[in-house]
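Asks: Predicted coordinates and the sequence they were generated for:
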Amino acid sequence: QNQRDTVMRQSSIHHTSKGFEFMTSDGDFLLQFAGRLQFRFASPDDQNPVTFDDFTDQNTRLFKINRARLKIGGHAYKPWLKYYFEYELAQSNLLDFRIMIEKWRWLNFKFGQWKVEFTRERFISSGEQQMVDRSLINRAFTLDRQQGLTLYGNLAGEGIANFNYWVAILTGSGRGATSNDDSKLMYFGRVQWNFLGREVPFEGGDLELSQRPAASLAIAAVTNTSPYTRFSQSGGGSLEGYEGGLPGQYTVNQFQIETAFNFKGFSWASEFHRKYIVNNPTNVTTDLGGYYFQAGYFMHELLDFWPEKLEVASRYAQYRPDLSIIENQQNEFAVAFNYFFVGHKNKLTVELTRFEFRDKSLTQDDETRIRVQYDVSF
Amino acid sequence: QNQRDTVMRQSSIHHTSKGFEFMTSDGDFLLQFAGRLQFRFASPDDQNPVTFDDFTDQNTRLFKINRARLKIGGHAYKPWLKYYFEYELAQSNLLDFRIMIEKWRWLNFKFGQWKVEFTRERFISSGEQQMVDRSLINRAFTLDRQQGLTLYGNLAGEGIANFNYWVAILTGSGRGATSNDDSKLMYFGRVQWNFLGREVPFEGGDLELSQRPAASLAIAAVTNTSPYTRFSQSGGGSLEGYEGGLPGQYTVNQFQIETAFNFKGFSWASEFHRKYIVNNPTNVTTDLGGYYFQAGYFMHELLDFWPEKLEVASRYAQYRPDLSIIENQQNEFAVAFNYFFVGHKNKLTVELTRFEFRDKSLTQDDETRIRVQYDVSF
Amino acid sequence: QNQRDTVMRQSSIHHTSKGFEFMTSDGDFLLQFAGRLQFRFASPDDQNPVTFDDFTDQNTRLFKINRARLKIGGHAYKPWLKYYFEYELAQSNLLDFRIMIEKWRWLNFKFGQWKVEFTRERFISSGEQQMVDRSLINRAFTLDRQQGLTLYGNLAGEGIANFNYWVAILTGSGRGATSNDDSKLMYFGRVQWNFLGREVPFEGGDLELSQRPAASLAIAAVTNTSPYTRFSQSGGGSLEGYEGGLPGQYTVNQFQIETAFNFKGFSWASEFHRKYIVNNPTNVTTDLGGYYFQAGYFMHELLDFWPEKLEVASRYAQYRPDLSIIENQQNEFAVAFNYFFVGHKNKLTVELTRFEFRDKSLTQDDETRIRVQYDVSF
């Protein structure tokens, strides 16, 4: 069947940073096929602690495949009709699936499921992080993946008049949801000012040793009414104290202010978050806050003896689960060394992290964690 | 290891309606690799109502990935030794896996798991439907996917003596079953008379604007003894009132009469069903019935101003869950507009459906549903 | 993004025993893409009996897809940096994922998840077995897949001084584990003496009709502390009588002695096992034992009328779940005929198996099973 609409198109094949690429000679069809494996050793635990109980767990030494991804992308029928899907083989989860209509730089259209562009930290691929993984505050503030539609683009005027924008309507039910809990949706917007005239790439570190500085300042906001108070690869979930949400129980409003900067091997990023959770039946609101600062440097730029492909990076993060209780806070301080065999596509990271948790009613507790990670794409 | 049986064969690559194709120069090996994404918006609900309760659900607005398919097919060792498998990425379900020995037109052999050729509506791919999805009666009457063996072929005599046949032995336990409930199997047969001398393709609409008419009349029958009274992508299941079936509890006999016709942009299809469920322990038999009519037309054939790629289609379906209770019936009336950017491979459908349910002991109830769907293969 | 590290490399394509192969012209990147489908009919049951209850089950006739594998391998960046992953589509399980650094014949390094090289029987792919599947003793003694690191290589001296070795540190929590139960790991070693100067390939049968004999003698040992007393594709599990293990409850020590031999179409393999399960809280140790012998022959080497591609093979296996109770034993005797259309890549197997179970407190029981299997790779 269907022989009639079969047009034979001679193709070409290449390997690029997106994996093996197959393209028809007319350029109308492109298929990119790539895999990524991430191996991780962690001691005493891999996950960031969430509650004080996590410090008293039996300690384990852990080696595991942390991510095993199959990535298939390209375009079909026209170069501007793009598709992408990504499957997590270790968990059998479909992560991304999206169609992008990218005809103009200033106006693009995307629908499907993807990581909402709310925060730089979450939007950067897990394969292109600067540390082994995202910070302590990501769990509470990320929107993770959502399903819906978005408009986005880059408005490039003269000099400093360079902006990116994203406006989205999403179901707000998280990854893999097949229904919405009610007719209320998630609304999201982000504006990013690239005030030195060009974007900071969405990846950790300044691997290109940029000879011209790049910087951005962004603000993003979101509102959602759903049973959920947090999102992760598992879909919608609950922060501690908000378990068992009913349809439409929580209205969550969030905003964040973000900076990023790259220059001559030095890189900087920060996010400052506020999140307001309204429990609609009781009308009680809780305010959550958090922030991180992160910086990295290829020290070879300063010190000749330092290996060229070795970056050192550091991060400080603080999360406050209830701003009205000043004693309740969770702190993370981390140092990492990245050796980039072939950029982010083939790299080894060693990371040391110190966690300190404080609580009004409990004594302080802390933990030091070491993680080693190898990440390779092909 | 295995280097000794490695024969290097230079290959060629093309893109066709089956996706990217890789073939060795001797023609003995072919690999077809394709994906398909189907996005759907529905309000107030996506699923067809099944019981009266479904009319009083909380209404939601729904946007979701409805299907995300990875399709891998081709042939190996010989052009007539074909393979095919299809994986649903959004649900992590292996749908089709089958080997086909297709050496002669009149005698072919297939084994594995696939959609039984019982009804035209179900056998047509979800990507090549004329409406957004199958009719109200599909749930009760489809055999969906089964595992087993089948013989099939096309017997083409002079002129009107053109027949297709299918004869199958199946486990009758549905998709993904890894065991049979007892030693009783499912037996299936279908004869299709292509009385104008050629087959009507298994896809919705007459996209080719056939200059010669094509028509078919088919009859199909099946018998199965199992715990199940219906089948779906989830495997064996139960119709309302038949829950919790035990091994061998139900003997289900079914037949259907089907017509199809294509000519100059006009297309027609119908099915008329009877299903007899014998509850073996009690020896009570229930008779179920249903039918649909469906027609579509590319109005540009008549009206110059009508867009060439726009088809209008309509369907009426009736399901009667117990023929002995004349008041119990479920009706569906639907109108759809298909815009075929690139045939069924890239199309947008808007559909409006009216459901009316009647019941002896309940008052009548109804609902109007709108669905918008974009389906793209690459 | 990432355009800067995109280097276009013109590629070539072939089909080999590893499926379709795509390689860049500089040889630095290789992608191998293959599928495998295995169809099985079994009566009265497919699984080997485990307890006496399994003999009195309701008998069924079974046809199923037994395995549906997607295999993706190759190398990236350098020919010696190899990757491989294998996904079971029918169960949605990620089986293998591993990176291999294979720069020297005598010293290789592998990490990820794979089938531990503890026994020849388990290490041989399910697509290259000599019988329909592995023996009765595999369930009790296999380490199956584990996650960790291994060193391995071939030390080839003059003549008989030809050895293979494997040394591994593994988490000992089985396939798909994302955490270790405690900080105790699994340690594994194997030495294999190829005393006729070359290795016996890890696959069933002597399909090459070796003109020079090949033989090996191997000894392997392992120790592990975990909740588990057996491993399978489902990960860590429990042997009968060891259900519900707690973290660190069982220390399991095992060793086995293995032989293999190939010559002119004749093949031989055997394993002799001992397993010591220490229940740490009670300090009670149970000793388990088992062995199998297996041989196959292409009778065409002797008898002209015998089809060239037809091998006959036979296996005897015995399992003793507690060596201190001499009456408790399980025996398997099997005969199989393999027709190799295209080696192991396309073959049909018919197998007849006789099981006899004896038990101190129960009467003897037995069962005869027939299985037919078709296995095809593409």
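Replies: Perfect, I can see it now.
Asks: how about low-confidence regions in chain A?
Replies: Flagging of chain A using pLDDT under 70 yields the residue ranges A:1-11, A:56-60.
Asks: At which residues are the helices of it located?
Replies: Here chain A has its helices, by DSSP state H, at A:120-123, A:138-141.
Asks: Tell me which of these sits nearest to chain B.
Replies: helix A:120-123 (20.0 Å; Cβ to the nearest Cβ). (Each C-beta comes from the backbone N, C-alpha and C, glycine too.)
Asks: Including mean neighbour count and distance to residue B:264, could the helices of chain A go into JSON lines?
Replies: As requested, those are exported to JSON lines (neighbours: other Cβ atoms under 10 Å in any protein chain shown; distance: least, Cβ to Cβ, whole Å):
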{"stretch": "helix A:120-123", "mean neighbour count": "22", "distance to residue B:264": "51"}
{"stretch": "helix A:138-141", "mean neighbour count": "22", "distance to residue B:264": "59"}
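Asks: and those as a markdown table, adding distance to chain C?
Replies: What follows is the helices of chain A, written out as a markdown table (distance: least, Cβ to the nearest Cβ, whole Å):
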| stretch | distance to chain C |
| --- | --- |
| helix A:120-123 | 11 |
| helix A:138-141 | 17 |
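Asks: The ones you listed into a markdown table, with extra columns for distance to residue A:187?
Replies: Output for the helices of chain A, formatted as a markdown table (distance: least, Cβ to Cβ, whole Å):
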| stretch | distance to residue A:187 |
| --- | --- |
| helix A:120-123 | 18 |
| helix A:138-141 | 17 |
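Asks: Please name whichever of those helices is nearest to residue A:259.
Replies: helix A:120-123 (8.9 Å; Cβ to Cβ).
Asks: Which elements pack onto that closest one?
Replies: Applying 3 or more Cβ pairs under 8 Å, 6 or more residues apart in numbering or on different chains; DSSP states H and E, one finds that helix A:120-123 contacts strand A:266-279.
Asks: what's the spacing between the strand it packs on and its chain's center?
Replies: In this view, strand A:266-279 has its centroid 13 Å away from the chain centroid, taken as Cα atoms, centre = their mean, to the nearest Å.
Asks: buried stuff in it?
Replies: Within strand A:266-279, the residues that qualify as buried are A:266, A:267, A:268, A:269, A:270, A:271, A:272, A:273, A:274, A:275, A:277, counting by 16 or more other Cβ atoms under 10 Å in any protein chain shown.
Asks: what's across from the residue lying closest to residue A:49 once chain neighbours are set aside in the sheet?
Replies: In space, and not counting its chain neighbours, residue A:49 is closest to residue A:355: 5.5 Å by Cβ to Cβ, 6 or more residues apart in numbering or on different chains. Counting by DSSP bridges, residue A:355 is bridged to residue A:332, residue A:367.
Asks: Quickly note the distance from residue A:355 to residue A:295.
Replies: 20 Å (Cβ to Cβ, to the nearest Å).
Asks: more crowded one of those two?
Replies: residue A:355 (21 against 16; other Cβ atoms under 10 Å in any protein chain shown).
Asks: surely the more buried one meets residue A:48?
Replies: Yes. Using Cβ atoms under 8 Å, residue A:355 is in contact with residue A:48, at 7.1 Å.
Asks: Mutual contacts of the two, please.
Replies: Common neighbours of residue A:355 and residue A:48, using Cβ atoms under 8 Å, 6 or more residues apart in numbering or on different chains, are A:136, A:332.
Asks: ok, and the closest non-adjacent residue to the residue sitting nearest the centre point of chain A?
Replies: Centroid check for chain A by Cα atoms, centre = their mean gives residue A:122 as the closest residue, at 1.7 Å. In this structure, residue A:122 finds its nearest non-sequential neighbour in residue A:142, 4.4 Å apart by Cβ to Cβ, 6+ apart.
Asks: wait, what's in contact with the residue nearest to residue A:49?
Replies: Residue A:355 neighbours (Cβ under 8 Å, 6+ apart): A:48, A:49, A:136, A:330, A:331, A:332, A:366, A:367, A:368, A:369.
Asks: ok, now how distant is the fourth one from chain B?
Replies: Yep, that's residue A:330 we're talking about. Distance, residue A:330 to chain B, by Cβ to the nearest Cβ, to the nearest Å: 35 Å.
Asks: Could you pull out the buried residues of stretch A:302-312?
Replies: So for stretch A:302-312, counting by 16+ other Cβ under 10 Å, buried means A:309, A:311.
Asks: rewinding a little: pretty sure the residue nearest to residue A:122 is in contact with residue A:232, am I right?
Replies: Yes. With contact defined as Cβ under 8 Å, residue A:142 reaches residue A:232; the gap is 7.5 Å.
Asks: Which one's more surrounded, the two?
Replies: When residue A:142 and residue A:232 are compared for neighbours, residue A:142 comes out ahead with 21 against 14, by other Cβ under 10 Å.
Asks: tell me the contacts of the more buried one?
Replies: Counting by Cβ under 8 Å, 6+ apart, residue A:142 has contacts A:118, A:119, A:121, A:122, A:134, A:230, A:231, A:232.
Asks: out of those, which one sits closest to chain C?
Replies: residue A:232 (14.3 Å).
Asks: Thought residue A:143 was touching the closest one, still the case?
Replies: No. Here residue A:232 does not reach residue A:143: they are 10.3 Å apart, not a contact under Cβ under 8 Å.
Asks: and residue A:54, how many neighbours does it have?
Replies: Neighbours of residue A:54 using other Cβ under 10 Å come to 15.
Asks: er, residue A:53 I mean
Replies: 9.
Asks: Skipping its backbone neighbours, what lies nearest residue A:344 in space?
Replies: residue A:128 (4.4 Å).
Asks: With residue A:347 instead?
Replies: Using Cβ to Cβ, 6+ apart, the nearest residue to residue A:347 is residue A:340, at 4.8 Å.
Asks: Now do the contacts for the one you found.
Replies: A:207, A:309, A:310, A:311, A:346, A:347.
Asks: In strands, which of those residues fall?
Replies: Within the contacts of residue A:340, residues falling in strands by DSSP state E are A:310, A:311, A:346, A:347.
Asks: so who does the first one touch?
Replies: For residue A:310, the set of contacting residues under the criterion of Cβ under 8 Å, 6+ apart consists of A:298, A:299, A:300, A:337, A:338, A:339, A:340.
Asks: Ranking by neighbours, what's the top pick from these?
Replies: Top of the contacts of residue A:310 by neighbour count (other Cβ under 10 Å): residue A:338, with 26 neighbours.
Asks: which one is it nearest to, not counting chain neighbours?
Replies: residue A:311 (4.5 Å).
Asks: what about the one you found, distance to residue A:344?
Replies: Applying Cβ to Cβ to residue A:311 and residue A:344 gives a distance of 11 Å.
Asks: Show me whatever sits in contact with both of those two.
Replies: Joint contacts of residue A:311 and residue A:344 (Cβ under 8 Å, 6+ apart) are residue A:207.
Asks: which ones are touching residue A:284?
Replies: residue A:278.
Asks: In this structure residue A:46 contacts residue A:62, no?
Replies: Yes. Using Cβ under 8 Å, residue A:46 is in contact with residue A:62, at 5.4 Å.
Asks: Need the residues touching each of those two.
Replies: Shared contacts of residue A:46 and residue A:62, counting by Cβ under 8 Å, 6+ apart, come down to A:40, C:179.
Asks: quick one: which of the two has more around it?
Replies: residue A:62 (23 against 19).
Asks: burial of the nearest residue to the more buried one once chain neighbours are set aside, as a residue count?
Replies: Of all residues beyond its chain neighbours, the one nearest residue A:62 is residue A:42 (4.7 Å), with distances taken as Cβ to Cβ, 6+ apart. By other Cβ under 10 Å, the residues close to residue A:42 number 24.
Asks: Residue A:36 too?
Replies: 21.
Asks: re earlier: just the closest of the ones in strands among the contacts of residue A:340 to residue C:202, please.
Replies: residue A:346 (29.1 Å).
Asks: That closest one: how many residues sit nearby?
Replies: So residue A:346, with other Cβ under 10 Å, has 18 neighbours.
Asks: That one and residue B:171, how far apart?
Replies: 47 Å.
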